[in-house]
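*Asks:* sequence first, predicted model second:
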Amino acid sequence: MLVSINPDNPQPRRIAQIAEQLRHGGVICYPTDTMYGLGCDIYNQKAVKRIFQIKKRPKHKPFSFMCSSLKDVSTYCHVSNLAYRVLRKYLPGPYTFILPAMKIVPRIMITKQKTVGLRVPASPICQALVEALGNPILTTSAQVEGEEDSPREAFEVEERFGRQVDLVIDGGDPIYPEPSTVISLVGDTPEVVREGKGAVDDFL
């Protein structure tokens, strides 16, 4: 099912309805600042497992999740002084930051190194959804493992995933997909893990 949401001023009633669906185990596709993503409530293990199946992703590769703002990050991750300065400068934006996980994060979302990937997208829709749900939402690209192409528009997402998901959010304009830049903030200095949409000049 396609649901249109204003990308700049998301309608609170529609956001609340989608958040309720997530709360009850829904899996959605939604636009971010980098590409269309697949998501669910990180605390609904059945929904998380559904996304592993949809993506055909091995269980040893956990997904990232998104918070609505920087103030929520310290609830789910250990944030050093260095990490805080970096996060404050670059979020919200097209970055995924790897940080040590707090115990509040479900085990299915944590790597063997006890880290997590965290995003705060520069997207009012994403931020509104997380705020309405009250906790982070899983975020991963709307494509199957091994695929190189990613859908640009909501109708393409619906054609590709159909009944595998419960809802597709149409945010209006096409998204020209480019993955987020991944930066590890686990060590004493930031480390570029993957170059993507976010500039890496300051980290090299």
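*Replies:* Okay, I see it.
*Asks:* list the contacts for the residue nearest to the spatial centre of the chain?
*Replies:* Central residue of the chain (C-alpha atoms, centre = their mean): residue 139, 2.6 Å from the mean position. By C-beta atoms under 8 Å, 6 or more residues apart in numbering, the contact list for residue 139 reads 32, 37-39, 63-66, 119, 121, 126. Glycine gets a C-beta too; all of them are placed from N, C-alpha and C.
*Asks:* now swap in residue 77 and tell me
*Replies:* Residue 77 neighbours (C-beta under 8 Å, 6+ apart): 99-102, 105, 116, 118.
*Asks:* drop anything exposed from those.
*Replies:* Buried subset of the contacts of residue 77 (neighbour count, 16 or more other C-beta atoms under 10 Å): 99-101, 105, 116, 118.
*Asks:* contacting residues around stretch 16-32?
*Replies:* Contacts of stretch 16-32 (C-beta under 8 Å, 6+ apart): 3, 7, 36-41, 44, 46-47, 50-51, 54, 66, 119, 121, 123, 125-126, 129, 132-134, 137, 139, 142, 154, 157-158, 161, 164-171, 175.
*Asks:* my bad, stretch 154-166
*Replies:* Contacts of stretch 154-166 (C-beta under 8 Å, 6+ apart): 1-2, 21, 26-29, 31, 36, 38, 50, 54, 142, 151, 168-171.
*Asks:* out of those, which sit inside strands?
*Replies:* 2, 28-29, 31, 36, 38, 168-170 (DSSP state E).
*Asks:* all helices of this structure, in order?
*Replies:* 12-23, 45-55, 70-76, 81-90, 124-133, 154-161 (DSSP state H).
*Asks:* possible to save the ones you listed as CSV with mean pLDDT?
*Replies:* Output for the helices of the chain, formatted as CSV (pLDDT from 0 to 100):
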stretch, mean pLDDT
helix 12-23, 98
helix 45-55, 97
helix 70-76, 92
helix 81-90, 96
helix 124-133, 97
helix 154-161, 94
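*Asks:* re the thing from before, bridging residues for the residue nearest to the centre of the chain?
*Replies:* residue 64 (DSSP bridges).
*Asks:* tell me which helix or strand of the chain sits lowest on mean pLDDT?
*Replies:* helix 70-76 (a mean of 92; mean pLDDT, DSSP states H and E).
*Asks:* now that helix, how far from the centre of its chain.
*Replies:* With C-alpha atoms, centre = their mean, to the nearest Å as the basis, helix 70-76 stands 15 Å off its chain's centre.
*Asks:* re earlier: mind giving me the ChimeraX command for buried ones among the contacts of stretch 16-32?
*Replies:* Of the contacts of stretch 16-32, the buried ones go into a single ChimeraX selection, burial set by 16+ other C-beta under 10 Å:
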select :3,7,36,37,38,39,40,41,44,47,50,51,54,66,119,121,123,125,126,129,132,133,137,139,142,154,157,158,161,165,166,167,168,169,170,171,175
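*Asks:* hang on, the earlier thing: nearest to residue 94 among the contacts of residue 139?
*Replies:* Closest to residue 94 out of the contacts of residue 139 is residue 121 (7.5 Å), distances taken as C-beta to C-beta.
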